[in-house]
Every structure is written in C-alpha cells, then in structure tokens.
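Visitor: Just need the structure, nothing else, for what follows:
(one chain, ligands or ions: 1)
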Amino acid sequence: MDTAEDVRLQSVTKVYGTGPGAVRALRGVDLELPAATFTAVMGPSGSGKSTLLHCAAGLDRPTAGSVWLGPVDLAGLTEIELTELRRSKIGFIFQAYNLINALTVEENITLPLRLAGTKPDRAWQAEIVRQVGLAERVRHRPSELSGGQQQRVAIARALITKPAVIFADEPTGALDTRTAAVVLDLLARLVRTLGQRVLMVTHDPVAAARADRVVFLADGRRAGDLVRPTPDEVAERMTKLGKW
Ligand SMILES: Nc1ncnc2c1ncn2[C@@H]1O[C@H](COP(=O)(O)OP(=O)(O)OP(=O)(O)O)[C@@H](O)[C@H]1O
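Guide: Okay, the predicted model is just below:
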C-alpha cells in the first residue's frame, strides 16, 4: 500500500444552510488516516459522524478547511474529477449492502470496474474473493446469501479497484452479533494483510473496539481518541459525551 495515498483532513468545517438556521455540523476537525490503520468514529447522534465521512470521502464539500488524498486537495477537483477519484481511490460499505440481485456475486464485485471502464486484474480479484471467503459463491445471486455473506460481497466490491481508503457507514448495523464479528474481523484483517485504510462510523462500542483507534466526536469537534480500547472503555467514554 502506497503511503503517498494517506487521507488528511485539516480544520474541516461544515455548515449546512445560512443565516440564523445554519447548522455547524463540523467545527475544525483534523484527522489523518495513514496506511494500514483501522479507525472508528463514534459520537452522540448529531455530532457530525456522517458529515465527517461524507466530507472525507468527497461526497460533500467542506465549508472551510481541506481534505487531502495523498497530494490531491479534493477542493481543487471538479465534480467529474471527484467522481473519478471516488470510483478509483475510494471504497464504500454501507449498512444496507446495496447489492444488485439481478447480478451474480462475481458481477456485483466487479461492477465498479465496469462503471470505471477498466479491466479486472484477475489475480487481484481472486485474492479478494479468497480474502472474503466467497470463492464457492461467485455464481450465486445476493438473495441466496446470508446477511453476513452479502456484506462480505459488498466489502469485496469496495476493494476491487484497490482503493486507497474504505469508508464504512455502520457496516454491521444490520447484522447479528456473531455475524458482525466475522465482518469486523475481515475488515481488521484487510488492514493488516493489504495495508488498507478503513474509516468506520458506528454506534456500537463492540464494533468500535475492533478498530485500532476510536475517534470521538461531540458537537462537530474531536472529543478525544482511544487506542485499542475495550468495548467497556468505549461505552464509558460515550456515556461521558452525553446521549448516544
Ligand atoms: N443536509 C443537511 N442539512 C442541514 N443539516 C444537516 C444536514 N445533514 C446533517 N445536518 C445536521 O448536521 C448535524 C450533524 O449531522 P450528522 O448526520 O453528521 O450527525 P451523526 O453524528 O452522523 O448523527 P447520527 O448518529 O444521528 O446519524 C446534525 O445537527 C444534523 O441535523
């Protein structure tokens, strides 16, 4: 993994709306995502987690401050360039797996390449399918798979373009505890074996505790980090920050 593709947020501020009704969702957030790191973001409802993820992923533009992907300042990109950057450098995983049931598992996994008009790297594709443990399932339809397997297809789809970073928004929100653990183990392993950068927004202290680092947000600001915490330590910090 190329360290020249680190993600950096510098003093990112996001204000929705103008005038008296304006909402300051982020207030000068700094954050770095170096290679081979698994970062969880937690914070009370409305603390700015989704806004942070959207700004970091180039889905939304900060009102002030900057987001860098390696040497590239996202603010300097046109919408078309941003779309291209997202397709090639960024992988997304959502709570709802967003798979297409008319396509096979393999076709779902390679869809981002088809959208980008690039050819699959067969060796990489085989490696990913092996990593997510779906080699026996590539000809199946998503509806024939369990929730955990579907999320693993979504993870493979996120990885197919060899992205610099994966953004995961509540990736285990729809899964039972045991299946969630399998998916989180997989994300943690991808960080170790592929040097992947992962940023995960979650409400679940158990999920957050699988990351290397938990970044807390409160009222649009960084409110401390915990490195390799236990779920209890995460829950305790959340209680101190107020309502979940
Ligand atoms: N499009 C928008 N227009 C106006 N305000 C918005 C918009 N999106 C988010 N906000 C506001 O910005 C603040 C941060 O929202 P955000 O969704 O980032 O929080 P969150 O921490 O992800 O919350 P939750 O845990 O409830 O999903 C909230 O006050 C929210 O109401």
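Visitor: And for V165, the neighbour number?
Guide: Burial of V165 is recorded as 23 neighbouring residues (other CB atoms under 10 Å). The way it works is simple: take the backbone N, C-alpha and C, and place the C-beta from them, glycine included.
Visitor: Give the residue spans of the chain that score low on pLDDT.
Guide: Low-confidence segments of the chain, defined by pLDDT under 70, are located at 1-3, 243-244.
Visitor: Quick one: name the residues of it near the ligand.
Guide: Where proximity means CB under 6 Å from any ligand atom, the interface of the chain facing the ligand comprises Y16, G17, V23, A25, G43, S45, G46, S47, G48, K49, S50, T51.
Visitor: Save these as a markdown table, and put in neighbour count too.
Guide: Output for these, formatted as a markdown table (neighbours: other CB atoms under 10 Å):
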| residue | neighbour count |
| --- | --- |
| Y16 | 13 |
| G17 | 9 |
| V23 | 12 |
| A25 | 24 |
| G43 | 25 |
| S45 | 9 |
| G46 | 15 |
| S47 | 24 |
| G48 | 26 |
| K49 | 24 |
| S50 | 16 |
| T51 | 22 |
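Visitor: This protein: helices as residue ranges?
Guide: Counting by DSSP state H, the chain has these helices, from start to end: 49-56, 79-89, 105-116, 122-131, 147-159, 177-194, 205-208, 231-241.
Visitor: Pretty sure G65 sits against R27.
Guide: No - with contacts counted by CB atoms under 8 Å, G65 stays clear of R27, the gap being 9.8 Å.
Visitor: intersection of neighbour lists for those two?
Guide: Counting by CB atoms under 8 Å, 6 or more residues apart in numbering, the shared contacts of G65 and R27 are T13.
Visitor: Which residue, other than its chain neighbours, is closest to the most centrally placed residue in the chain?
Guide: Residue closest to the average C-alpha location in the chain (CA atoms, centre = their mean): F167, at 1.3 Å. For F167, ignoring the flanking residues on the chain, the nearest one in space by CB to CB, 6 or more residues apart in numbering is A57 at 4.7 Å.
Visitor: I appreciate the help and will end here.
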